[in-house]
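> The following comprises the amino acid sequence and a computationally predicted model.
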Amino acid sequence: MASLLIGTIAGPVSAQALLIPFKKTDPAQATLRFSKLRTASWQGKFKKGEKNKIKFALAEYYLQVNDLFDARQSLEEYLEDKSVDVSMLLANIFLYKIAENQKDEQRMVQLKKEIFNQKFILLFDNYKKVSYSSLSGNEYDVHYFVDRIEIFINGNAFETIRF
């Protein structure tokens, strides 16, 4: 079965290389590949950063198909690795949106604390912008204002969370 997914693997494999054939053509096929890679013995073939990018890309797909259970699971696994970049903020924001959808007020309060717990200095006129590009090809922009955070996905407004 492994040969159907990725063929013979010799040595380390780049997560980016695995996505190239599927990135624009069939997200379901790419997600199936990610899922199998995440749970199979192939996981040892990836560097830690690539494993994390796969988990984040899986969560993106699950959110796109409204599979909130698997999205939440992937995001929580992603957060366990304690990366230090804007993708951690995005993962918490996605979890916040899931909690909001499920009307889980207690979880929303907890996640809001996590979201605004990030240390950053507000030394700017209007807002501070940070960006993240996912393996799925999505471009994220996060705008930090004095009183809120605004998130954009591929240039489109996604969420605003106020302090």
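Now that the structure is in, tell me what you want to look at.
> Could you pull out the strands in the chain for me?
128-133, 139-144, 148-153, 156-162 (DSSP state E).
> what's the angle between the third one and strand 156-162?
Meaning strand 148-153. 160 degrees (axes from the mean of the first three to the mean of the last three Cα atoms, to 10 degrees).
> Strand 148-153 pairs with which strands, and in what direction?
Strands adjacent to strand 148-153 in the sheet, as given by DSSP bridges, are strand 139-144 (antiparallel), strand 156-162 (antiparallel).
> between those strands, which one is nearest to R107?
strand 156-162 (13.9 Å; Cβ to Cβ). Just so you know, the C-beta spots here come from the backbone N, C-alpha and C atoms, and that holds for glycine as well.
> Make TSV out of the strands paired with strand 148-153 and add mean pLDDT, distance to L111 and mean neighbour count.
Formatted as TSV, those follow (pLDDT from 0 to 100; distance: least, Cβ to Cβ, whole Å; neighbours: other Cβ atoms under 10 Å):
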stretch	mean pLDDT	distance to L111	mean neighbour count
strand 139-144	91	15	17
strand 156-162	91	9	13
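> So which of those is nearest V109?
strand 156-162 (12.0 Å).
> Run through the chain and note the low-pLDDT ranges.
1-49, 83-84, 118-125 (pLDDT under 70).
> Helices of that one, start to end?
Using DSSP state H, the helices of the chain run over 2-6, 15-19, 27-39, 48-64, 68-80, 86-101, 105-116.
> With just CA atoms, put the longest one into PDB.
When you say that, I think you mean helix 48-64. Below are the C-alpha coordinates for helix 48-64, written out as PDB (Å, rounded to 0.1, in the frame of the first residue of the first chain):
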ATOM      1  CA  LYS A  48      10.400  17.900  12.600                       C
ATOM      2  CA  GLY A  49       9.500  21.100  10.800                       C
ATOM      3  CA  GLU A  50       8.200  19.200   7.800                       C
ATOM      4  CA  LYS A  51       6.000  17.000  10.000                       C
ATOM      5  CA  ASN A  52       4.600  20.200  11.600                       C
ATOM      6  CA  LYS A  53       3.800  21.700   8.200                       C
ATOM      7  CA  ILE A  54       2.000  18.500   7.200                       C
ATOM      8  CA  LYS A  55      -0.100  18.600  10.400                       C
ATOM      9  CA  PHE A  56      -1.000  22.300   9.700                       C
ATOM     10  CA  ALA A  57      -1.900  21.500   6.000                       C
ATOM     11  CA  LEU A  58      -4.100  18.600   7.200                       C
ATOM     12  CA  ALA A  59      -5.900  20.900   9.600                       C
ATOM     13  CA  GLU A  60      -6.500  23.400   6.800                       C
ATOM     14  CA  TYR A  61      -8.000  20.800   4.600                       C
ATOM     15  CA  TYR A  62     -10.300  19.500   7.400                       C
ATOM     16  CA  LEU A  63     -11.500  23.000   8.000                       C
ATOM     17  CA  GLN A  64     -12.200  23.500   4.300                       C
END
